[in-house]
Structures are given as C-alpha cells and as structure tokens.
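Student: let me see the structure of the following:
(one chain, ligands or ions: 1)
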Amino acid sequence: MNGTRVLVLNSGSSSVKYQLLDMAEGAGARLASGVVERIGESPEVPDHAAALKRVAGELAAQDLGLDSPALAAVGHRVVHGGTRFTEPTLITDEVVAAIEELVPLAPLHNPANITGIRVARELRPDLPQVAVFDTAFHATIPEAAARYAIDTATADAHGVRRYGFHGTSHAYVSRATAELLGRDVCEVNTIVLHLGNGASASAVRGGVCVDTSMGLTPLEGLVMGTRSGDLDPAVIFHLARVGGLSTDEIDTLLNKRSGLLGLCGDNDMREITRRIGEGDERARLAFDVYIHRLRKYVGAYTAVLGRVDAVAFTAGVGENAAAVREAAMAGLEGLGIEVDAARNAVRGSSARIVSADGSRVAVAVVPTDEELEIATEAYALVGS
Ligand code: ADP
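Tutor: All right, here's what the predicted structure looks like:
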C-alpha cells in the first residue's frame, strides 16, 4: 500500500456525506468534506450514482480526485452488520450479498449503504473498499443483555435480538474519554451518552461494550428527536386494535412523530430550551421526559458496570446542551457524580472534564468523530 488517504462515505437514503482524511502517522487530517443532499428530488442528482459522481467531481476540483495514487481505501459506513459482521470488513461481491441479506433488519439504511458501495466500486474497482458497521462495537454484549425474553425459536428464526447502533461513535468516545483521563482504556469503565437527533447510551467496561440502549433497530432506549425510545410493547397492539392504526402507521408514529417532536412539536433541543425560557409548559414536559429516561439509563448502567469511572456526553445535544448535562447529572452525588456548574457552562469544541475536582466519577464532554473512526479502522485493515 502506497497511499495514506481514506475517503469516508456515509450514504443515507437521501444524502451522501463524505470526508477525505490523510492518515499519515495516524494523524487523520481532514483534506476535504461535504454533503450531497436531496438525492432523487432534483434533476441534477436523480440517484446515488449521480451523487457519488458529484462527490468525485468536487474532490477532483480540489486536486484530490478519486484517481489519485495517494488514496489508500474507501471506508463505507454500513448501519446493520447483523451477527455476521463484528469487525471492519474488506468488501467483496460476497460481502455485498451478505449486507443485502441484512436489509430486512435495516430496510431504510442498508439499501442506501449498498448503493454507495456499488457505485464507489464501479468508480475505482482496483481500490480496497472497507465496510465499517454501526453495530460492530456492540457485538461483545453478553447474551444476558442481548437476548429479549421471548420464545427462543421465534427470536432466532427472525434474528430478533439487541444489536445496538452508533457503534463507531461509542467506540471512539469511550477511547477518547480514557485518553482525556490520561488512563489506559483497558482500566476505565465508561457510560457513553450519544445524544444527537438519534440518541443511545452504552456501558463500556475497559473498552469493551457490555450493554447499549438501542436494540433490534434504533427505536429502543432513550427519548430521541422524533423516536419514542422504550415503551410497553402492548402500546402497539392497543393502537392497532383500539386505535385502528396499521403497522406502517404505527412504525411512522414511533419513528418520525414521537420523542421530543411528539411531546412538544419541536425536536431541536435549542428550540426546546428557548421555549422553556419563555415558560412553555409542553416544552418543559418534553425536556423532563427526556431527562428522566436519560437518568434511568445512567442508573441502570451504573449497576451493569458495578464501578463507573466516567460519564461521557457526545453528539449535538451532549456536546452543546449544558442544561441537559446539568439536569441529567443533578442530585447524583450518591453515585459519586458531581458536576461543576461553571465548567459545565463553558462552551467548547474540544474534549473536556466538567465534573468537580472531588467527583469520584469524571463527567466529560467528548466530541464524537465517526468519520475519523471509520477512516482509522479502514486504514488499519488495508495497511495490515
Ligand atoms: P444527528 O443524529 O443528526 O447526527 P447531531 O449529533 O448533529 O445529530 O445532533 C443534532 C441535534 O443536536 C439537533 O437536533 C439539536 O437538538 C442538537 N443541538 C445542536 N446544537 C445545539 C446547541 N447549541 N444546544 C442544544 N442542542 C443543540
């Protein structure tokens, strides 16, 4: 291998995000980044093939074209790896077919990821392409945490179990938290709270994930921007039998019209905190429901880990919303958690500790970098 650059592609249903990173000496310098949006909505970008050609054009215009010998690999984000893919994987025809078999588990995400892979392979058939799975970091979760308590034969026949998502973020942030504390990741137990539009918590023991809040799909767990997170499964039967809603309608309700949006009409935490400032009761209740769920998971994962060294907040809400961090951690001195109000209020873009000096558990804000993590994993694979 001669090149040191990795192109990271995140092909979603209607957008393709890309970053070109230079991994020389493990630095991960960002050479270019961008996004092509509204795929399928405009005549200029009718499909993913056109979107990726546009990405190639944008890179070529900066003298960073896909034909450059400096390019070592393309790293593709793939949402669902099922139980088969637990590591970054060099993409072959057989691997693409296997990712395709997982489409029933991720009908919205895997097809777009596969299209991105196909087009990128057509553009540079000679270049190693690596799939990095959102589920992979959670493959170490023990059976006791991964199994749902339903009939085993039925669960196995349909692949029903906890897979977990946001894995590249949980992996990156748990490592970066140990670095921030100046300790070896092997000896640090961390609760990672990835709070973006989608949100998930994980319990990480010595760098190894032992539980996470998302499940078969990204619907389970925390209250999110538009997703309900945990609820009594019987709510679904009730809505079908008594409310007369179809399966698809309930799917849309729980994934797109619930969470913060469903509770108060807004899914952006900035807007919600602004409304709370004006005395808005619905916004207040949405915030309280969000925080209550978050605190329940912190308590649960404290018990799962037995000893917690750090709680790390990341992603859009976790990195920016001081009010969320403050409310989520308030009154947890009994668990050894004590936030320093002044430190927590300071805005910043680098990893930092916001707990008080005497706090037994460090509370940290650790900006996530999923693209860097994908590039690092892809580069390690093609370089080895
Ligand atoms: P995604 O899950 O789409 O990757 P992000 O991690 O970028 O999302 O998080 C997006 C969310 O972050 C927004 O919906 C918003 O609620 C929240 N957010 C961003 N900036 C701020 C801020 N300054 N204060 C509070 N919340 C913020």
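Student: name the element Ala375 belongs to?
Tutor: helix 370-383 (DSSP states H and E).
Student: where does pLDDT dip in the stretch 201-350 of the chain?
Tutor: For the stretch 201-350 of the chain, no stretch is flagged by pLDDT under 70.
Student: can you tell me the average pLDDT over the helix holding Ala375?
Tutor: Averaging pLDDT along helix 370-383 gives 94.
Student: tally of neighbours for the closest residue to the ligand within the chain?
Tutor: With Cβ to the nearest ligand atom as the measure, Gly316 is the residue of the chain nearest to the ligand, at 2.0 Å. For the C-beta atoms, the positions are set from N, CA and C on the backbone; glycine is no exception. If you count neighbours by other Cβ atoms under 10 Å, Gly316 ends up with 18.
Student: what's the nearest residue to Arg257 if we skip its chain neighbours?
Tutor: Leaving aside its chain neighbours, Arg257 sits nearest to Thr226 (6.6 Å; criterion: Cβ to Cβ, 6 or more residues apart in numbering).
Student: show me the contacts for the one you found.
Tutor: By Cβ atoms under 8 Å, 6 or more residues apart in numbering, the residues touching Thr226 are Asn197, Asn255, Lys256, Arg257, Ser258, Gly259, Leu260, Leu261, Gly262, Asn267.
Student: buried ones among these?
Tutor: Among the contacts of Thr226, those classed as buried by 16 or more other Cβ atoms under 10 Å are Asn197, Asn255, Ser258, Gly259, Leu260, Leu261, Gly262, Asn267.
Student: contacting the ligand as well, which ones from these?
Tutor: Asn197 (Cβ under 6 Å from any ligand atom).
Student: need phi/psi at the spatially closest residue to Leu231 that is not a sequence neighbour.
Tutor: Distance criterion Cβ to Cβ, 6+ apart; nearest residue to Leu231, sequence neighbours excluded, is Leu254 at 7.7 Å. Main-chain dihedrals, Leu254, degrees, to the nearest 10: phi -80, psi -30.
Student: thought Gly299 was touching Leu335?
Tutor: Yes - Gly299 is within contact range of Leu335, at 7.5 Å (criterion: Cβ atoms under 8 Å).
Student: touching both of these two, which residues are there?
Tutor: With Cβ under 8 Å, 6+ apart, Gly299 and Leu335 have no common neighbours.
Student: interface residues of the stretch 251-384 of the chain facing the ligand?
Tutor: Asp268, Met269, Arg270, Ala315, Gly316, Val317, Asn320, Ala321.
Student: list the contacts for the fifth one?
Tutor: Spelled out, that is Gly316. Leu195, Gly196, Asn197, Met269.
Student: now do the SS call for it.
Tutor: Here Gly316 is recorded as helix under DSSP: H, G, I helix; E, B strand; the rest coil.
Student: ok, it to Ala73 distance?
Tutor: Distance, Gly316 to Ala73, by Cβ to Cβ, to the nearest Å: 28 Å.
Student: coming back round to it: what is the nearest of the contacts of Thr226 to Gly306?
Tutor: Taking Cβ to Cβ as the measure, Gly306 lies nearest Gly259 of the contacts of Thr226, at 30.7 Å.
Student: looks like that closest one contacts Asn267 (just checking).
Tutor: Yes - Gly259 lies in contact with Asn267 (Cβ under 8 Å); the separation is 6.5 Å.
Student: shared neighbours, these two?
Tutor: With Cβ under 8 Å, 6+ apart, Gly259 and Asn267 have common neighbours Gly225, Thr226.
Student: so Glu100 sits in a helix?
Tutor: Yes - counting by three-state DSSP, Glu100 is part of a helix.
Student: buried residues of stretch 108-117, list them for me.
Tutor: Buried residues in stretch 108-117 (16+ other Cβ under 10 Å): His109, Asn110, Pro111, Ala112, Asn113, Ile114, Thr115, Gly116, Ile117.
Student: hmm, that stretch touching the ligand?
Tutor: No - using Cβ under 6 Å from any ligand atom, we find that stretch 108-117 stays clear of the ligand, coming within 13.0 Å at best.
Student: restrict that stretch to CA atoms and write it as CSV.
Tutor: What follows is stretch 108-117, C-alpha atoms only, in CSV (Å, rounded to 0.1, in the frame of the first residue of the first chain):
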residue,chain,number,x,y,z
LEU,A,108,-34.2,2.2,5.5
HIS,A,109,-30.4,2.2,5.8
ASN,A,110,-28.7,-0.8,4.4
PRO,A,111,-30.1,-0.4,0.8
ALA,A,112,-28.6,3.2,0.6
ASN,A,113,-25.3,1.9,2.1
ILE,A,114,-25.2,-0.8,-0.6
THR,A,115,-25.8,1.6,-3.4
GLY,A,116,-23.0,3.8,-2.2
ILE,A,117,-20.7,0.7,-2.1
